[in-house]
Each structure stands twice: as C-alpha cells, then as structure tokens.
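Trainee: Quick one, structure for this:
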Amino acid sequence: MPTVVRTMTTLTTHTHTCTDDSTAAASSAKRPRPSVFERRQADLAEGVLKLSPSSLTFLYDECKACFWHHYNGRPRPSTAFPKVFGALDNAQKEFFVGRSVKEVSRSLPAGVIERGRRVKSEAIAVAGTEYRVQFSGDTDTILRFSR
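Mentor: Below you'll find the predicted structure:
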C-alpha cells in the first residue's frame, strides 16, 4: 500500500510542477477520434458512401434494416466471434497461402494464392445521383493470376 501512495503523491507533485504551456500541449496532443457516426456524416457531406465488403455480405443479407441503421448512425453492437471460427479460418489460410490456384480449381488460370490485405477502391460515381461509393476493407485471400 505505501508504494501506491508514493506513486500517487509523485504524480500529483509532477502535475503541479508543469507549466501552463506543457499542460496545454499535452492535452491538445491526444484529441479523441471522431465517432463512426461523425466520420460517416463527414464522408456523406463530401458525397461519398464508404462500404465494407463484410457489411455488404453479412449485414445486408442478415438484416436490411440493420444495414441501413449501420450507415445512418446506429451501428449494431458487435458480438463475440467464437475462437473456433478464428482458428479454422487461420488453419485454412495457412494451408492455402502459397499454393497454386489450380489446386482450388483446374478451370482457373495459373496463379498463386496470397495472404489478404487491406484494400480501398477509388470513389465510384453512382449514376443518376450526386453520390459516389467507395469500397474498403480487408480481404481474406488474394488470387494472383500469372497473366
């Protein structure tokens, strides 16, 4: 217990010895990140709707109202992802990465299976509107074809 008291006293003493300039610099250095809703509103103000592949594949298929709410400031609460699915996903990726695409299907052109990565498309104009759509997110794997 005395260690805790000493540490708290040291922190208190240090806080009191700071000048106004260093305190102001320290407080302005870490601004809170805007909320998801604030970032989406800023994007929409610029006419860009940013979509992730997982929201299109899973959220839209599961619940169209949830999809709408997700992009209008009321995202669905995240749920725990069972560890077994993560383990299976990692095992599959380890097995396939570096292998020939032909091992997946002989009808595909020659190529190799690579690890996924973060991707971001250019903003694409939506015909008949003033909006553009941009896709970004993480891919599971990439098929790199030889030609």
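
Trainee: Mind jotting down where the strands sit in the chain?
Mentor: 48-51, 111-115, 118-120, 124-125, 132-138, 141-145 (DSSP state E).

Trainee: Just name the most buried of those.
Mentor: When you average the neighbours per residue for each of these (mean count of other CB atoms under 10 Å), strand 48-51 leads with a mean of 17. C-beta here means a position set from N, CA and C on the backbone, and glycine is covered the same way.

Trainee: Can you give the strand pairings for that strand, parallel or anti for each?
Mentor: Take DSSP bridges as the rule and strand 48-51 pairs in its sheet with strand 132-138 (parallel).

Trainee: I'd like to know how far Lys83 sits from Asp89.
Mentor: Lys83 sits 11 Å away from Asp89, taking CB to CB, to the nearest Å as the criterion.

Trainee: actually Thr129, sorry about that
Mentor: Distance from Thr129 to Asp89, counting by CB to CB: 36 Å.

Trainee: Let's test this: name the helix or strand in this structure with the lowest mean pLDDT.
Mentor: helix 2-17 (a mean of 33; mean pLDDT, DSSP states H and E).
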